[in-house]
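Peer 1: Structure of the sequence below:
(one chain, ligands or ions: 3)
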Amino acid sequence: MGVVVQKYGGSSLADAQGVKRVAQRIVATKKLGHDVCVVVSAMGDTTDELRDLAEQISPLPPARELDMLLTAGERISMALLAMAIANLGQTARSFTGSQAGVITDSAHGRAKIIDITPGRIESALAAGDVAIVAGFQGVSMDTKDVTTLGRGASDTTAVALAAALAADVCEIYTDVDGIFTADPRIVPAARRIDHASYEEMLEMCACGAKVLHLRSVEYARTHDIPIHVRSSFSDRPGTWVDNRSEVEPVEQAIVTGVAHDRSESKITVAGVPDKVGEAARLFEALADAGINIDMIVQNIPAPGGTSTDISFTLPRVDGQTAMEALARLQPEVGFEQLLYDDRVGKVSLVGAGMRTHPGVTARFFAALAAAGVNVEMISTSEIRISVIVDEDQVDAAVASAHHAFDLDAAEVEAVVYGGTGR
Ligand code: ADP
Ligand code: ASP
Ligand code: MG
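Peer 2: Ligands and ions are numbered 1, 2, ... in the order given. Next comes the predicted model:
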């Protein structure tokens with residue numbers, strides 16, 4: 001029997017009862033004869049609570065210290081879980097990301113994994129112990145400081161360890177029964193997806209389906225690790241994300257699902273002189289500030305006009321930095337006004353079958369119109385259409401698109417077992 005990596009999210013470890021329940025699942029897997037490496041998230045909303053606490057001390061805490069603080073959440077989980085497993089008569093040892101050999105770059109809060117040297121994990125597994133690793137953290141190769149990999153990144157720790165340990169599978173345990181055609185929290189009629197390709201999941205996750213961390217899917221695809229997303233509260237079959245559709249091509253559904261994202265905001269630079277190079281200057285300033293831009297729309301100047309408006313979306317957390325960077329350019333570029341709107345949401349339709357089926361856009365827009373949703377911006381890729389809408393209309397837009405593409409389940413199968421959705 002090979003190595004199995006299991007990751008348990010915060011909602012599965014919300015309280016002492018949850019920790020004990022998870023311990024039983026782990027011991028059951030171990031008894032089947034597998035070597036088990038477990039990755040844990042912080043209990044419940046601990047990471048958010050630690051962040052809030054830091055904010056009460058300092059509005060802009062030093063990034064190194066914030067990372068040091070946030071990694072504590074996962075350390076609490078790992079130690080408690082090791083105790084719970086020991087109570088069941090199974091030996092277990094917990095390790096911080098650093099002890100587990102998760103080596104990263106030094107970008108605090110969004111560090112990238114450079115290498116994994118899991119010597120201590122391998123020794124623990126060889127000794128018959130369950131190895132428990134604190135998710136979402138590592139140690140910088142250069143500075144030797146503790147780093148975090150970004151919100152939701154315990155999934156990525158798990159997949160990276162699965163690759164390093166040549167595991168058969170990476171199991172992601174969460175508070176829903178797998179990946180659904182839409183977030184079960186807002187579409188009760190969402191349907192469980194049996195199998196998804198890496199490509200489809202990359203789009204779903206990039207569009208806000210937070211059930212898997214985007215980088216975990218990228219990592220799994222590069223290293224060909226099958227991901228099995230399941231609930232830790234049930235024994236239902238869950239969703240497989242793997243390369244099966246590439247190996248044995250199957251008839252693809254036109255639409256895999258509808259994703260939504262409330263973490264972006266929109267900036268409009270009004271009255272930009274319609275001259276070569278002006279847009280480049282604006283976006284260079286944003287790039288220099290380390291800000292990722294998502295959608296961009298530039299209007300054509302009004303007839304006889306000499307200026308234009310440029311709107312784009314960006315992560316809400318970068319809103320203030322972006323506005324400051326652009327304001328500094330105003331005298332030089334000579335635009336009229338900067339407008340900021342964080343009451344927006346993004347709704348995306350994702351499906352590999354879109355490549356070969358015409359009419360998907362028309363049907364999507366008809367569904368949005370039927371729900372009375374006004375579209376502010378549009379962007380597309382080969383297998384995705386995204387729109388920006390008013391934040392209050394996100395739920396209606398998702399439900400209407402889900403229904404229009406016949407994704408609604410005949411009987412409600414989407415159960416949300418825990419979590420606060422925070
Ligand atoms: P964990 O604490 O286990 O990491 P997360 O909150 O990060 O859990 O991810 C699980 C949540 O993802 C679900 O509770 C659900 O609300 C949300 N979600 C969003 N889109 C989807 C989707 N398409 N399928 C399943 N869950 C989704
Ligand atoms: N605890 C971290 C977070 O809340 C990492 C994770 O849960 O994956 O973002
Ligand atoms: Mg998560």
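
Peer 1: alpha carbons only for contacts and neighbour counts from here, please
Peer 2: Will do.

Peer 1: List, one by one, the residues from this structure near ligand 1.
Peer 2: Taking C-alpha under 6 Å from any ligand atom as the contact definition, the chain meets ligand 1 at 9-11, 152, 174-176, 178-185, 209-211, 421.

Peer 1: which of these are buried?
Peer 2: Buried members of those, scored by 16 or more other C-alpha atoms under 10 Å, are 9-11, 152, 174-176, 178-184, 209-211.

Peer 1: Tell me if Glu218 really is in a helix.
Peer 2: Yes. Counting by DSSP: H, G, I helix; E, B strand; the rest coil, Glu218 is part of a helix.

Peer 1: Setting the sequence-adjacent residues aside, check what's closest to it.
Peer 2: Leu202 (7.0 Å; C-alpha to C-alpha, 6 or more residues apart in numbering).

Peer 1: My understanding was that the one you found contacts Leu212; is that so?
Peer 2: No. Leu202 is beyond contact range of Leu212, at 9.2 Å (criterion: C-alpha atoms under 8 Å).

Peer 1: which one of these two has more residues nearby?
Peer 2: Leu212 (24 against 20; other C-alpha atoms under 10 Å).

Peer 1: any idea how far the more buried one lies from ligand 2?
Peer 2: As judged by C-alpha to the nearest ligand atom, to the nearest Å, Leu212 and ligand 2 stand 9 Å apart.

Peer 1: For that residue, give me its contacts.
Peer 2: Residues in contact with Leu212 (C-alpha atoms under 8 Å, 6 or more residues apart in numbering) are 152, 155, 205.

Peer 1: now those in CSV, with secondary structure, pLDDT and distance to Ala369?
Peer 2: Output for these, formatted as CSV (DSSP: H, G, I helix; E, B strand; the rest coil; pLDDT from 0 to 100; distance: C-alpha to C-alpha, whole Å):
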residue, secondary structure, pLDDT, distance to Ala369
Gly152, coil, 96, 34
Asp155, helix, 98, 37
Cys205, helix, 96, 25
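
Peer 1: Closest to ligand 1 out of these?
Peer 2: For those, the minimum distance to ligand 1 (C-alpha to the nearest ligand atom) is 5.7 Å, reached by Gly152.

Peer 1: ok so, going back, taking the residues of the chain next to ligand 1 one by one, which sit in strands?
Peer 2: Among these, DSSP state E puts Thr174 in strands.

Peer 1: follow-up on the earlier one: compile the contacts of Leu212 into CSV and extend it with columns for distance to Gly345.
Peer 2: Below are the contacts of Leu212 laid out as CSV (distance: C-alpha to C-alpha, whole Å):
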residue, distance to Gly345
Gly152, 20
Asp155, 24
Cys205, 15
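
Peer 1: so which of these also contact ligand 2?
Peer 2: Answer for the contacts of Leu212 near ligand 2 (C-alpha under 6 Å from any ligand atom): 152, 155.

Peer 1: so which of the contacts of Leu212 comes closest to Ile383?
Peer 2: Cys205 (13.2 Å; C-alpha to C-alpha).

Peer 1: Name the nearest residue to the closest one, ignoring sequence neighbours.
Peer 2: That would be Leu214: by C-alpha to C-alpha, 6+ apart, it lies 5.3 Å from Cys205.

Peer 1: Quick check: which ranges of the chain have low pLDDT?
Peer 2: 245-252 (pLDDT under 70).

Peer 1: and it, which of its residues are near ligand 2?
Peer 2: So the chain meets ligand 2 at 9-10, 41-42, 47, 136, 151-155 (C-alpha under 6 Å from any ligand atom).

Peer 1: and the two most separated of the residues you listed?
Peer 2: Thr47 and Asp155 (15.0 Å).
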